Structures are given as structure tokens and as C-alpha cells.
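> Any chance you can model this:
(2 chains)
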Amino acid sequence: MIVAISIGAVNVPLGDVWGVVLHHVTGAGTAPSDPALDQIVWNFRTPRVVLAALVGAGLAVTGAVLQTVVSNPLADPIVLGFSYGATLGAVLVITLGGGAVLAGLGVSAAAFLGAVAAGALVFALGQRRGRLAPVRLVLAGVAIGYVFLSATSFVQLRATPTELRTVMFWMLGSVAGAKWDQIPTVTVVVLVTTTLLALFGRRLNVLLAGDESATALGVDVNRLRAVLLVLSALLTGTVIAVAGSIGFVGLMIPHLVRLTTGADHRRLLPLTALLGALYLVLVDLLSRTVNRPNELPLGILTALLGAPFFLWLLRRNKGLD
Amino acid sequence: MKLVVDRLHVTLDRTPVLRGVTLEARKGDIVGLVGPNGSGKSTLLRTVYRSLRPADGAVRVGDDDVWELPPRAAARRTAAVLQDAGGSTAGLTVAEIVALGRAPHHGLLGRDGPADHAAVSDAIDRCGVRPFADRDYASLSGGERQRVLLARALAQEPGLLVLDELTNHLDIRARFELLDLIRATGVTTLAVLHDLDLAARLCDHLVVLSEGTVAAAGPVLEVLTPDLLAAVFGVSAGTERHADGVIRITYAAHPLAHGLAHGWSGQHDEDRPGRALG
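As a prediction, the model looks like this:
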């Protein structure tokens, strides 16, 4: 992370970065002599790297949990409609500006509400007689996602070119706007939900055995699915709200970890969080260096970078035959 | 543990599936549940492992109604090996699947202790799955998979074992090995079996279900009479104990003629061309 903080439009020596971060975190040492350097390292780069790590961890963990909850390897926040819900919320605020019903609601808040609304809809429409059947959940998520997507497209038709550019940037995701005042909330949500989800690790393993077998192993399958869906929607809503809709991470990082270290969730979830965090920090680093001083949205690089490696791993793995 | 099913009624989609079923397995008994397709065997099992709530009546394991126990407490008494464990367990190793059997013994904060490791290790040895304990479940043969699931059930340290068609799709040797394993556990067992020969070989007692009621119950030879086999299964057959002690059922070449057997006659009308020619 220190390396990631040091590199950017202006490169800062690693030692100086360490000095600045140490000074702010522990109060030790002396304040850096150059206020511009302090500004770049502490006010721009550090929150950005921290946010990238949190968002990467949150997306990856949600993906891992959802894939098991709906017993579908393709599941992620996008397939279940959460991301489209967030997008609609964000796009509404961006295009309607301050003038409309949503006045006073920031882009982030609207995106969060959109994601949670999508989660609530999937939850409500995916059940029948109190049973949350996996296939019905996935299909409900996909259908709800499409509805949000068409609403988003309709809103975009009426947007100005400037608004459209903002919308496009938001949809491809970025942590460029990271500020310190966002960090505490996001940190708390990501840490708390991830810890809670990890506590369900053993029960997630049991869910892999099939619903009837899981019931016979003492797991209340419907209640477990409900709790996990709620936590997932909160977690995704929070990270998408601050970083936009970033694809690939939620889908692929869990599979990467599964393919290399197995599917036991008590190991899978912490490792997925870690790898997701590292991956997004790396992608963000590249996004602001490959085309200096311009920046690329994260969504362009996440898949471009990860997909080839993922496909290589997929071909090497014998367990999938 | 003792199992008592007491005047059980179950309704699915407003259709009565079980209509006053009563049966009992004493501690250590192996009771076979047999009957034609749709007679209610799997439904009865679901009420026992607490997946389907009966409309009336009770299932008691030990001395408690399983539907009045919390789910995990019920799962510490009853372990089930079912048909739904499929490809989705891909990614878990054999040892990890056996360890799922410890889930009922832990709350959210519970971590594996020495007792858990011992129970898992013991179950792995008893079912002979040690040689492939580190392999991916998806890479195993059908017989190996069933042994793994049985090991998972034993790791639960249950007082009652519920088995649904454990030997389906297995070759004859794998079937016999599995039956020996079950007998060796000494755990009270309720097993649904389609194959009457296997049921006769494994079980102390049989309960025959027909259209949601008990058609017969008792020791194997007393239950599988030609009359019952004709009335419930629609086949003409005889049962006898051979000199080696094995009970064998000999079936006539054809199902019973039209009209004699209920539940069979409807699907085999005389207008089926193949039958007219034969």
C-alpha cells in the first residue's frame, strides 16, 4: 500500500511516504517540510488507496457469499441486480441535479438506497411461501436488474452530454474522489459485515451440501439465506456508493481463491477479502499510471487485467472437468 | 436412540401424502421403509430430519418430539444421507465434507476442538475413506461418494441414521459394502430402499407404505408375502430364506395382469401397442 501511495502523477520517494503516514497515524517523527508533499500523500493518495482496499474487499466478499447463497458460480452483485439498483440511484441524482425530488440526496446516498432497494426486491420476489429457492433468487435478481437497467437507460436519454460523461465515469467505477471523511463509515461497514459473514463460514459450507442435507445438519436454510442476503446488500450498497459500479472483482476474486486454496468458507472469506483489497489497490495504481497524468476508470482495467490470469488458472484446474 | 412415528399426517399442496402413519424402531434396530413410487417414503423421512412439518401427529427421537427441539439440537440426534448432495459440493475435499457433520455441535462462534477432530477422524476410518480424504469430492466414484456422506453422518455422532436410497446407482459390490458399513455402526437406522432384496438383506424389520398408509410392518419374511407383493407392488413374487440365511425374492417374468394390482393397472392399459404384440 505504501508503494501504491508513492506512485502517481507525481512520484514520492518511499521513505517520505512512510514518514508522512507514520506522522499522521502515530504522531511520531516530525511533520514533513514540504506541505505540498504532505497534501499529496496524506490528503489525496492515502484515502484513495485505503478506499480501494475497502471496496475491493467488500465486492469480493459479497461475490463469494452470493455464489454460495444462490448455489450459482456466476452470481455476483451485478447478476443479483444490486449494482443496477445503485446505478439507477446514482444516475437519477446526476441527471436531475439539485432540482428534483432527490434534492439534498448525494450521489452516494442515492446509490446506496438503490442497491438496498434492489436487494429488498430480490428478497421479496425471490421467495414463495417463505422459501428462498436459489434458482428463483437468481432469476429474480436478473429480472430486477434488467428493470433497473432500462430505467437507467431511459433517464440517460434525457441527460446532457456533460451529465452523460459523469454517468459513464460513475458506471465504470473510480476511487479517485476518495476523501478522509468517507473512510470511517466505509471502514466500519466493511469490517463489521465481513466479520459477520465470516462467522457464518461453517454454515455456508453446510449450504454447499444442498438444502435438504443442510436442514438435516441443523441449519435453518431460509433464515440463513435471508440474513446473508441482507448483509450482502448492505455491504455492496456501501462500497458501490463510494466507488461506483465496478465489475469483475466480485465475480472472479472468489473463484481465484477457490481454485487455489479450496472452498472452505472459513478460509475462503478472509483470503477473498485480502485478495480483493490487494487487487483493487493494484488496479487503481495502474489506472492512474498507464496514461499519466490522465486517469482510467477502474472498470476498464479490472477485467482487462484479471481475465487472462483467471482464464489461465481455469485451464490449469482439473477439478472442473 | 428409539424412533417413534406416531399417527403422522402430512399434506403437500393441499394433497394428503401421509395419512396416519405409525411406526417404531427400537434402539439399534435397522428398519427398512419400502413401497412403490409416490407412497410417501421420502416425505416420511423429511418429517424425521425436520425438513417438513407434519400437519398432525409426532416424530419422537429419544423421548422428544423433534419438532419441539431447536434445529441444531435435533440434528445432534438425527443424521441423514440424502439424494441432494450433488456437484455443488465441488471444491470441498472429502475431509471437509465429513467435517460438515460437526456443524450441529457448534454455534456461530464455535471453533473446532479435539472432540471434533476425533469424531471426524473416527468417521473417516470407519467408512474407509482415509485413502482419499484429501481429494476433491467431485473426483470420486459413486460408491466412494456415498461412503463419504455416510462418514459425514457418523461425524454428527447421531442416535438415529436416516438414509434415502443410499445404494442407488451403485454396483453390487459397493452396495454390499455399504450395507455392511451401516450394520457395523450399530446406530438405529431408518432406511428408504427401492430394492426389496437389499432391504431384506439389510433390515431387521420392514415397514411397507402404500398410498400414505402402512400396508404392513414386521419381520422381513412376515411382511414380504406374495399377497402383499401383489397388492402393493403389483408383482407376482415369492420370498424364501435360503440355506445360507439370505432372504431372496423371486419375481415372475411379468407384472400382474390388468386389474389385479392397484396403482399399477392405470398405467398399463391394454391399448399399449408393445404389450398387445408381446
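
> Please see if stretch A:195-206 touches chain B.
Yes. For stretch A:195-206, a contact with chain B is found by C-beta under 8 Å from any C-beta of the partner chain, at A:199-200, A:202-203, A:205-206. (C-beta placed from N, C-alpha, C; glycine too.)

> Report the buried residues of that stretch.
By neighbour count with 16 or more other C-beta atoms under 10 Å in any protein chain shown, stretch A:195-206 contains the buried residues A:197-198, A:200-206.

> Need the residues that contact that stretch.
Stretch A:195-206 is contacted from outside by A:61, A:65, A:68-69, A:213-214, A:217, A:219, A:224, A:227-228, A:231-232, A:235, A:263-266, A:268-270, B:92, B:96, B:100, B:103, B:106, B:108-110, using C-beta atoms under 8 Å, 6 or more residues apart in numbering or on different chains.

> Of these, which belong to helices?
The helices, defined by DSSP state H, take in A:61, A:65, A:68-69, A:213-214, A:224, A:227-228, A:231-232, A:235, A:265-266, A:268-270, B:96 from these.

> Break chain B into its domains for me.
Chain B breaks down into these domains under automatic domain parsing: B:3-223, B:225-278.

> Please work out the average pLDDT along the last one.
Across domain B:225-278, pLDDT averages out at 67.

> ditto for stretch A:54-69
95.

> what are the C-alpha coordinates of it, in CSV please?
Provided in CSV are the C-alpha atoms of stretch A:54-69 (Å, rounded to 0.1, in the frame of the first residue of the first chain):
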residue,chain,number,x,y,z
LEU,A,54,-12.0,-1.5,1.3
VAL,A,55,-14.0,-1.5,-1.9
GLY,A,56,-12.1,-4.5,-3.3
ALA,A,57,-12.5,-6.5,-0.1
GLY,A,58,-16.2,-5.7,0.1
LEU,A,59,-17.0,-6.6,-3.5
ALA,A,60,-15.0,-9.8,-3.4
VAL,A,61,-16.5,-11.0,-0.2
THR,A,62,-20.1,-10.3,-1.4
GLY,A,63,-19.4,-12.2,-4.5
ALA,A,64,-18.1,-15.2,-2.6
VAL,A,65,-21.1,-15.2,-0.3
LEU,A,66,-23.7,-14.7,-3.0
GLN,A,67,-22.2,-17.5,-5.1
THR,A,68,-22.9,-19.9,-2.3
VAL,A,69,-26.2,-18.4,-1.2
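
> For that stretch, what is the distance to the chain centroid?
7 Å (C-alpha atoms, centre = their mean, to the nearest Å).

> Could you check how far A:F44 is from chain B?
40 Å (C-beta to the nearest C-beta, to the nearest Å).

> How many residues are close by that residue?
Each residue near A:F44 was counted by other C-beta atoms under 10 Å in any protein chain shown, and the total is 17.

> doesn't it fall inside a strand?
No. Using DSSP: H, G, I helix; E, B strand; the rest coil, the secondary structure at A:F44 is helix, not a strand.

> And it, what's its pLDDT?
The predicted local confidence for A:F44 is 82.

> Kindly report the same for B:Q146.
B:Q146 is given a pLDDT of 91.

> likewise A:R258?
pLDDT at A:R258 comes out at 90.

> just the one 5 residues further on next, same as before
A:A263 is assigned a predicted lDDT (pLDDT) of 90.

> nearest spatial neighbour of it, skipping sequence neighbours?
B:G91 (3.1 Å; C-beta to C-beta, 6 or more residues apart in numbering or on different chains).

> With A:L234 instead?
A:T193 (5.9 Å).

> what does A:R48 give?
A:A178 (4.1 Å).

> and the residue nearest the centre of chain A, what does it touch?
Taking C-alpha atoms, centre = their mean as the criterion, A:L59 is the residue nearest the geometric centre of chain A, at 2.9 Å. Residues in contact with A:L59 (C-beta under 8 Å, 6+ apart) are A:77, A:236, A:239, A:246, A:249-250, A:253, A:276, A:280.

> Return the per-residue confidence for the residue in the stretch 101-250 of chain B positioned nearest to chain A.
At 3.8 Å from chain A, B:P104 is the closest residue in the stretch 101-250 of chain B, using C-beta to the nearest C-beta. Note for B:P104: predicted pLDDT of 95.

> What parts of the stretch 51-200 of chain A come near chain B?
So far as C-beta under 8 Å from any C-beta goes, the stretch 51-200 of chain A lies against chain B at A:71, A:199-200.

> Dump those residues to a markdown table, plus secondary structure.
Listed next are those as a markdown table, based on three-state DSSP:
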| residue | secondary structure |
| --- | --- |
| A:S71 | coil |
| A:L199 | helix |
| A:F200 | coil |
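
> now these in CSV, with distance to A:P161?
Formatted as CSV, these follow (distance: C-beta to C-beta, whole Å):
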residue, distance to A:P161
A:S71, 44
A:L199, 48
A:F200, 46
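
> now, which of these sits nearest A:A140?
A:S71 (14.5 Å; C-beta to C-beta).

> separation between the residue nearest to that closest one when sequence neighbours are not counted and A:T215?
In space, and not counting its chain neighbours, A:S71 is closest to A:P134: 4.5 Å by C-beta to C-beta, 6+ apart. A:P134 sits 14 Å away from A:T215, taking C-beta to C-beta, to the nearest Å as the criterion.

> go on, B:G142?
23 Å.

> which one of those two has more residues nearby?
When B:G142 and A:T215 are compared for neighbours, A:T215 comes out ahead with 25 against 13, by other C-beta under 10 Å.

> What pLDDT is listed against the more buried one?
94.

> which residues touch it?
Contacts of A:T215 (C-beta under 8 Å, 6+ apart): A:221, B:49-51, B:71.

> same check, this time on A:W180
Counting by C-beta under 8 Å, 6+ apart, A:W180 has contacts A:43, A:47.

> Work out for me the element B:T239 sits within.
strand B:235-241 (DSSP states H and E).

> Need the residues that contact that strand.
With C-beta under 8 Å, 6+ apart, strand B:235-241 has contacts from B:200, B:220-221, B:224-226, B:229-230, B:247-252, B:254-256, B:261.

> can I assume A:A86 is in contact with A:A115?
Yes. Counting by C-beta atoms under 8 Å, A:A86 does reach A:A115; the two are 4.0 Å apart.
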